[in-house]
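K.L.:
I'll drop the sequence and a predicted model, then ask my questions.
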Amino acid sequence: MKMTCPPISMPSVKTLRDEFEPLLKADATLKEAWEKIPLRHWQRLSNDFIALAHRHQEPRAHAANGGPWTTWLMLGGRGAGKTRLGAEWVRAIAHGHPPYAEARARAIALVGETEHDVREVMIDGPAGLLRTAPPGERPRYSPSRRRLEWRNGTIAYAFSAEDPEQLRGPQFDAAWCDELAKWHHAEATFDMLQFGLRLGRRPRQLVTTTPRPSALIKRLVEDPRTALTHAGTHANRTFLSPAFIETIIGRYAGTRLGRQEIDGEIVEERTDSLWPRAVIEAARVALAPPLKRVVVGVDPPASAREGADLCGIVAAGIGEDGVVYVLEDASAGALQPAQWAARAVGCYARHQADSIVAEANQGGDMVAAVLRQVDRNVPVKLVHATRAKFTRAEPVAALYWQSRVKHVGAPLRDLEDQMADFGIDGLSDGRSPDRLDALVWAVTALIEHRPREPRIRSL
């Protein structure tokens, strides 16, 4: 996936750099630099989006296949600057401004989820076409005709994804699709748009959206003619409210919703998963209560070579309430036996665990020997897998559905990804669910451990 961009060629950028270079060499302060650069350069710069654009907003040089791109797909978190990019891209192609445009577009489609979204976000929103354009380049908006018209004759037409048939008939040489992932009739609307992109030498479209794992989004990501850029909310945090950063990111960072809406990730969901994302999200707690027993589950790798399975290491404890609390995922890969043993023992010490529960299928008694080389006093219980992974995992998954297992603190992202991707045929990529195996061993050991009650054997 190539995400390089062409050299910046806009005159004001070169002018700014030419002015700054001698000042920086002279160790000038920012205030001195500001005062010495002529006002006309700053005024021109303020209308030149590319000069201060983020890296993910800079124009793409080529698609994934190395050739010209047909679709520029910008996947971003909330507030990452997606709408601003869309508005500035449309402004540039409406006037033929490089480096975003090689030639002027004459007919542009603006497609949003609803008419209200197109009007209030794409056109008249704070980062929309009317608000961000300099006075001399601002188009005339005709709400009744649902179109914007620039002085040079370029026209942008507004369409809603609520009615795909609106796109049957019109033709364009460019299009901006905003929040494609949440369109109600995404496939039908997008298909109709493709038939209309038939003007000019090379029709193009920009798609700006917070991603969802829809078939259409995944198809565009995999399309060799797509140029892909990605950015999370953090990329634009300078221009966002500190309260938003503190509250929203603090609350949702690392969760499934946060990874989608803040990090701009495509978070996959398997229909046959033992652990649907909703079940995992419902299992979160900030703190664990006092625990009566803690263990560390270990799934040792068969090899330390590059590309081999990870060593699964998961710490969990059980409270007086009978609920299991998952404390840490310390799994790691490409480790020699002494290294993964040290990591497992370190996890055992951090959580003041009662024992290490390790699968012995791959190494037998050697697993315990390697662990005791790190700490000869560490209690090790060896377990042997006699049933299939799915069969072993089912009872543990049932405990999650019954709210009898909780994840403590920050999301355990990599472990939770394996859980959500684990179905009857294992992980979708065919790899070993090493983190999940360690979790299953730890939870099983805690649930099955029952301290014996005192009893009278004979009188």
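P.N.:
All right, it came through fine.
K.L.:
all helices for the stretch 1-150 of the chain, in order.
P.N.:
Taking DSSP state H, counting those that start in this stretch, the helices of the stretch 1-150 of the chain run over residues 11-25, 30-36, 39-46, 49-52, 82-95, 115-117, 129-132.
K.L.:
point out where the chain drops to low pLDDT.
P.N.:
By pLDDT under 70, the low-scoring segments of the chain are 1-34, 36-37, 39-47, 304-308, 363, 450-459.
K.L.:
centroid-nearest residue for it?
P.N.:
With distances taken as CA atoms, centre = their mean, the residue of the chain nearest its centroid is residue 265 (1.9 Å).
K.L.:
for stretch 401-414, buried residues please.
P.N.:
Of the residues in stretch 401-414, those scored as buried under the neighbour-count criterion (16 or more other CB atoms under 10 Å) are 404, 405, 406, 407, 408, 411, 412. Just so you know, the C-beta spots here come from the backbone N, C-alpha and C atoms, and that holds for glycine as well.
K.L.:
in a markdown table, list those residues along with distance to residue 61 and secondary structure.
P.N.:
As requested, the buried residues of stretch 401-414 are exported to a markdown table (distance: CB to CB, whole Å; DSSP: H, G, I helix; E, B strand; the rest coil):
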| residue | distance to residue 61 | secondary structure |
| --- | --- | --- |
| 404 | 53 | coil |
| 405 | 48 | strand |
| 406 | 48 | strand |
| 407 | 42 | strand |
| 408 | 45 | strand |
| 411 | 36 | coil |
| 412 | 38 | coil |
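K.L.:
in a markdown table, list those along with distance to residue 140.
P.N.:
What follows is these, written out as a markdown table (distance: CB to CB, whole Å):
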| residue | distance to residue 140 |
| --- | --- |
| 404 | 63 |
| 405 | 60 |
| 406 | 58 |
| 407 | 54 |
| 408 | 58 |
| 411 | 48 |
| 412 | 54 |
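K.L.:
closest one of these to residue 314?
P.N.:
Residue 314 lies nearest to residue 412 out of the buried residues of stretch 401-414, by CB to CB, at 8.4 Å.
K.L.:
list the contacts for the nearest residue to the closest one once chain neighbours are set aside?
P.N.:
Leaving aside its sequence neighbours, residue 412 sits nearest to residue 329 (CB to CB, 6 or more residues apart in numbering; 4.5 Å). Residue 329 makes contacts with 313, 314, 412, 414, 415, 435, 438, 439, as judged by CB atoms under 8 Å, 6 or more residues apart in numbering.
K.L.:
with distance to residue 111 and secondary structure added, can I get the residues you listed in CSV?
P.N.:
CSV is the format used below for the contacts of residue 329 (distance: CB to CB, whole Å; three-state DSSP):
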residue, distance to residue 111, secondary structure
313, 48, strand
314, 46, strand
412, 38, coil
414, 36, helix
415, 39, helix
435, 41, helix
438, 47, helix
439, 44, helix
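K.L.:
which one of those residues sits closest to residue 148?
P.N.:
Within the contacts of residue 329, distances to residue 148 taken as CB to CB reach their minimum at residue 414, with 45.9 Å.
K.L.:
correct me if wrong: that closest one contacts residue 433.
P.N.:
No: applying CB atoms under 8 Å, one finds residue 414 not in contact with residue 433, separated by 11.1 Å.
K.L.:
what touches both of the two?
P.N.:
Where contact means CB under 8 Å, 6+ apart, no residue is in contact with each of residue 414 and residue 433.
K.L.:
beta partners for the residue nearest to residue 412?
P.N.:
Counting by DSSP bridges, residue 329 is bridged to residue 314.
K.L.:
could you do residue 160 as well?
P.N.:
In this structure, residue 160 bridges to residue 112 when assessed by DSSP bridges.
K.L.:
hang on, the earlier thing: quick check: the gap between the residue nearest to residue 412 and residue 124.
P.N.:
46 Å (CB to CB, to the nearest Å).
K.L.:
dump stretch 263-280 to CSV, restricted to CA.
P.N.:
Only the C-alpha atoms of stretch 263-280 are listed here, as CSV (Å, rounded to 0.1, in the frame of the first residue of the first chain):
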residue,chain,number,x,y,z
ASP,A,263,-8.4,5.8,15.5
GLY,A,264,-10.3,5.4,12.2
GLU,A,265,-9.7,1.7,12.1
ILE,A,266,-11.8,-0.9,10.3
VAL,A,267,-12.7,-3.2,13.2
GLU,A,268,-13.8,-6.5,11.8
GLU,A,269,-16.7,-8.5,13.1
ARG,A,270,-17.1,-12.3,12.6
THR,A,271,-20.7,-13.5,12.5
ASP,A,272,-19.7,-16.9,13.9
SER,A,273,-17.4,-15.6,16.6
LEU,A,274,-17.6,-17.1,20.1
TRP,A,275,-17.0,-13.6,21.4
PRO,A,276,-18.9,-10.9,19.5
ARG,A,277,-17.5,-7.4,20.0
ALA,A,278,-20.6,-6.4,22.0
VAL,A,279,-20.0,-9.2,24.5
ILE,A,280,-16.3,-8.1,24.9
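K.L.:
name the residues of stretch 178-197 that are buried.
P.N.:
Along stretch 178-197, the positions that meet the burial threshold by neighbour count (16+ other CB under 10 Å) are 178-181, 183, 185-186, 189-190, 192-193, 196-197.
K.L.:
what does stretch 269-280 give?
P.N.:
Buried positions in stretch 269-280, judged by neighbour count with 16+ other CB under 10 Å: 270, 273, 274, 275, 276, 277, 279, 280.
K.L.:
hang on, the earlier thing: which member of the buried residues of stretch 178-197 is positioned nearest residue 63?
P.N.:
Using CB to CB as the measure, the one of the buried residues of stretch 178-197 that approaches residue 63 most closely is residue 197, at 15.4 Å.
K.L.:
quick one: contacts for the closest one?
P.N.:
Residues touching residue 197, when contacts are defined by CB under 8 Å, 6+ apart, comprise 109, 171, 172, 173, 174, 175, 203, 204, 205.
K.L.:
also residue 396?
P.N.:
Contact analysis of residue 396 by CB under 8 Å, 6+ apart lists 405, 439, 440, 443, 444.
K.L.:
scan those residues and report the most crowded one.
P.N.:
Counting by other CB atoms under 10 Å, residue 439 has the largest number of neighbours within the contacts of residue 396, with 31 neighbours.
K.L.:
ok, that one touching residue 314?
P.N.:
Yes: counting by CB under 8 Å, residue 439 touches residue 314, with 4.6 Å between them.
K.L.:
overlap in contacts of these two?
P.N.:
In contact with both residue 439 and residue 314: 297, 326, 329, 415, using CB under 8 Å, 6+ apart.
K.L.:
any chance of those in a markdown table, plus distance to residue 348?
P.N.:
What follows is these, written out as a markdown table (distance: CB to CB, whole Å):
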| residue | distance to residue 348 |
| --- | --- |
| 297 | 11 |
| 326 | 15 |
| 329 | 14 |
| 415 | 18 |
